[in-house]
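**Q** The sequence and its predicted three-dimensional model are supplied below.
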Amino acid sequence: MTYEGWILLTACLVGISCGMVGCFLIVRRMTMLADAISHSVLLGIVLAFLVANSLNGIYMLIGATIIGLVTTFAIQSLHNSGVQEDASIGIVFTTFFAIGVILISLFARDVHLDVEHALMGEIAFIPWNTFTLLGIEIPKATGMLLSISLFALLVILMFYKELKLTSFDAALAVTLGLPVTLIHYLLMGLVSITSVGSFDAVGAVLVVSMLVVPGACAYLLTDRLSVMLLYSCLFGAASAISGYYGALLLDASISGSMSASGGILFLLTWIFSPSYGLLRRYRTMTTS
Amino acid sequence: MMQYMWNALLYQPNAQWVVLSTMLLGIASGVLGSFALLKKQSLIGDAVAHAALPGICIAYLFTGEKQLLVLLLGATATGLLATYLIQLITATTTIKKDAAICLILSVFFGAGIVLLSRITQQAGGNKSGLDHFIFGQAAAMTRNDVYTMAGVASGLILLAFLLFKEWKLLIFDPDFAKNSGLPVGLLETLFSTLLVITVVIGIQAVGVILMAALLIIPAISARYWTDRLGWMIFIAGSIGALSGIAGALISTISTGLATGPLIVVTAAGCFIVSFTIGPKRGLIQKMMAHRVHADRLKEESV
């Protein structure tokens, strides 16, 4: 595959995996938790680097997942002890992120893990770091994202009913004896894993937009969760591809451009959505 | 290390100014943050801070120079646009507020990164120092920047002081405020504008990503010390000031240390202290109350 092909494939995988997971965050009203996790993932990656002294993807994945779950747990504990929810999110992720940045600037300044990379990702460098599988040279990040996407898809397919029920009627789920807390942490684990997978491509901060924007577009187009998941993947891939070519056109940051083109897609959906769009709203207001 | 920080504070006029301005910034964000916390608008600050980045870049692209006041105007414009869009999305669609905040925050930040990468590729763009806005580098501020920041921060503190009674009423009894003829809409708008300005002046020292922390952490820490709004604002302001001073001083030790994260970590330290020993709902206080309660139960049952 060509150099550009690998980049596009990786970007699409970011859009698809984040898009799937993001839908659940939106319907569960937990997007700010995703914002928090995607920021504190940085700390997990730095700690993994300091402990294992290597930039191997597996260590990063483990470190980030642990810190992601710690973040969720810390936010939950603060909330339980009486701090209002938005404030507990705000305290935890900013502190973790700040510690992460300080650690990078103290210990990891000379390696590839610089702050800029952590923030914005460097998808253009992905095809340089490869491994060989069945005689094909595959970029490491692409391989990791592919496995993460498949894993996320598998989890969602296996626990679709449970995820759906706990998202829309948590009280019923509790009375039916579903492990609501476990599913909560499962989802948060998925968010951490997709965040790390997308780390090389879009960085710690902009992964939020890949998590939230496609789902929000899909949310405006359908009332069915399964359809929403499908649309969300399509929007994720669309913003990844259009963002990549937008960045080439403008000679600008690819991850920023992916996020911005997601914003444009949302704006279009917001205006033209047949069921919830602004145009339809306007028309029904003027006719009635 | 202490020696070095004292030297910086005592003999370097620039360091003194930087410390003064981060202190004023800490007070302003502690005060405004207290109101924001009670109005449950803490995370709006996060969105505004991220949304300020494209504004800064657009202002720079228009004027071609790093004039802080102009950059702040740009940042305020996009910050206000972001708050307006968040309200519009929640009002016209079924999307909830948290998703709207997240969406606006990340899309604006992405647009900011696009513009920033364009600017750094221009000739001379590397020297623009705009990338300092992401993490904040108080030490990189010029004398003029410091004057601007200190001036605006003092103005914010003064205004919050003057409007204290009105905002208090607005938070705790909005219906009464409306009935007693207060211009509620105007006061609300004024509050959001001042909140946006606080975020914007903090960006150079603390950076766009971490500015939200300065609004949230001092305010929530203060809640563990008092139930009275006046005291809460005073304590939040003090914690903000302390974090600002400490962060700026520690960052003078080495050039690579960004000021923002250090300020945030100091504030987080204050939070942990407040959370454990704070006389109102602090951890130790709660445990004592629990024990007293358990003892009484035991006595009564005997």
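**A** Thanks, I have the structure now.

**Q** Just checking, which helix or strand of chain A averages the lowest pLDDT?
**A** helix A:115-120 (a mean of 64; mean pLDDT, DSSP states H and E).

**Q** ok, the closest residue to chain A within chain B - contacts?
**A** As assessed by Cβ to the nearest Cβ, chain A sits closest to residue B:110 within chain B, at 2.5 Å. C-beta here means a position set from N, CA and C on the backbone, and glycine is covered the same way. Listed by Cβ atoms under 8 Å, 6 or more residues apart in numbering or on different chains, the contact partners of residue B:110 are A:206, A:209, A:255-260, A:262-263.

**Q** residue ranges for the strands of chain A, please.
**A** Applying DSSP state E to chain A gives strands spanning A:130-133, A:136-139.

**Q** For those strands, which has the smallest mean pLDDT value?
**A** Mean pLDDT is lowest for strand A:130-133 among the strands of chain A, at a mean of 69.

**Q** what's around residue B:43, how many residues?
**A** Neighbours of residue B:43 under the rule other Cβ atoms under 10 Å in any protein chain shown: 25.

**Q** Grab the nearest non-local neighbour of whatever residue of chain A ends up closest to chain B.
**A** Nearest to chain B in chain A, going by Cβ to the nearest Cβ, is residue A:259, at a distance of 2.5 Å. In this structure, residue A:259 finds its nearest non-sequential neighbour in residue B:110, 2.5 Å apart by Cβ to Cβ, 6 or more residues apart in numbering or on different chains.

**Q** same deal with residue A:11?
**A** residue A:240 is the one closest to residue A:11 (Cβ to Cβ, 6+ apart), at 3.7 Å.

**Q** Compute the number of surrounding residues for the one you found.
**A** 32.

**Q** For it, list the residues it contacts.
**A** Contacts of residue A:240 by Cβ under 8 Å, 6+ apart are A:8, A:11-12, A:14-15, A:210, A:258.

**Q** ok, which residues in the stretch 1-150 of chain B are in contact with chain A?
**A** Residues of the stretch 1-150 of chain B lying near chain A by Cβ under 8 Å from any Cβ of the partner chain: B:37, B:40, B:42-43, B:46, B:89, B:92-96, B:98-103, B:105-118, B:121, B:131, B:134-135.

**Q** Name the residues of the stretch 151-288 of chain A found near chain B, please.
**A** A:205-206, A:208-209, A:211-213, A:215-216, A:219-220, A:247, A:250-253, A:255-260, A:262-263, A:266, A:270, A:276, A:278, A:281.

**Q** Among those, the buried ones, what's the PyMOL command?
**A** Burial among those is assessed by 16 or more other Cβ atoms under 10 Å in any protein chain shown; the matching PyMOL selection reads:
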select buried, chain A and resi 205+206+208+209+211+212+213+215+216+219+220+247+250+252+253+255+256+257+258+259+260+262+263+266+270+276+278
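
**Q** could you point out where the stretch 101-250 of chain B is predicted with low confidence?
**A** The stretch 101-250 of chain B contains residues with pLDDT under 70 at B:123-131.

**Q** so residue B:39 makes contact with residue B:171?
**A** Yes: counting by Cβ atoms under 8 Å, residue B:39 does reach residue B:171; the two are 5.8 Å apart.

**Q** Count the residues that sit near residue B:54.
**A** 28.

**Q** Surely it forms part of a helix?
**A** Yes: counting by DSSP: H, G, I helix; E, B strand; the rest coil, residue B:54 is found in a helix.

**Q** returning to that earlier point: and the furthest pair within the contacts of residue A:240?
**A** A:8 and A:210 (14.8 Å; Cβ to Cβ).

**Q** SS state for the residue nearest to residue A:259?
**A** Applying three-state DSSP: residue B:110 is helix.

**Q** Name the nearest residue to residue A:101, sequence neighbours excluded.
**A** residue B:261 (4.4 Å).

**Q** Which pLDDT value does the model give that neighbour?
**A** 89.

**Q** And residue A:114, by the same measure?
**A** 58.

**Q** now swap in residue A:174 and tell me
**A** pLDDT, read off for residue A:174, is 82.

**Q** and what of residue B:7?
**A** On the pLDDT scale, residue B:7 gets 68.

**Q** What's the local residue count around residue 88?
**A** You didn't pick a chain, so chain A it is. Residue A:88: 23 neighbours (other Cβ under 10 Å).

**Q** wrong chain, I was asking about chain B
**A** So residue B:88, with other Cβ under 10 Å, has 14 neighbours.

**Q** One more: residue A:129?
**A** Around residue A:129 there are 14 residues (other Cβ under 10 Å).

**Q** How much space separates residue B:151 from residue A:89?
**A** 33 Å (Cβ to Cβ, to the nearest Å).

**Q** Looking at the two now, which is surrounded by more residues?
**A** residue A:89 (29 against 14).

**Q** can you pull the contacts of that one?
**A** A:32-33, A:35-36, A:75, B:43.

**Q** Report the two of the residues you listed separated the most.
**A** Counting by Cβ to Cβ, the most remote pair of the contacts of residue A:89 is A:75 and B:43, 12.5 Å apart.

**Q** Identify the residues contacting residue A:21.
**A** With Cβ under 8 Å, 6+ apart, residue A:21 has these contacts: A:152, A:187, A:190-191, A:194, A:211.

**Q** likewise residue A:160?
**A** Taking Cβ under 8 Å, 6+ apart, one finds residue A:226 in contact with residue A:160.

**Q** Give me the below-cutoff pLDDT ranges for chain A.
**A** Using pLDDT under 70, the flagged stretches of chain A are A:1, A:54-57, A:108-121, A:126-128, A:130, A:132-133, A:135, A:288.

**Q** Can I get stretch B:108-121 as PDB, trimmed to CA atoms?
**A** Extracted C-alpha coordinates of stretch B:108-121, given in PDB (Å, rounded to 0.1, in the frame of the first residue of the first chain):
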ATOM      1  CA  PHE B 108     -12.600  25.100  18.200                       C
ATOM      2  CA  PHE B 109      -9.400  23.700  19.600                       C
ATOM      3  CA  GLY B 110      -8.800  21.800  16.400                       C
ATOM      4  CA  ALA B 111      -9.400  24.900  14.300                       C
ATOM      5  CA  GLY B 112      -7.000  26.700  16.500                       C
ATOM      6  CA  ILE B 113      -4.400  24.000  15.900                       C
ATOM      7  CA  VAL B 114      -4.900  24.300  12.200                       C
ATOM      8  CA  LEU B 115      -4.400  28.100  12.300                       C
ATOM      9  CA  LEU B 116      -1.400  27.700  14.600                       C
ATOM     10  CA  SER B 117       0.300  25.200  12.400                       C
ATOM     11  CA  ARG B 118      -0.300  27.600   9.400                       C
ATOM     12  CA  ILE B 119       1.300  30.500  11.400                       C
ATOM     13  CA  THR B 120       4.400  28.500  12.500                       C
ATOM     14  CA  GLN B 121       5.000  27.600   8.900                       C
END
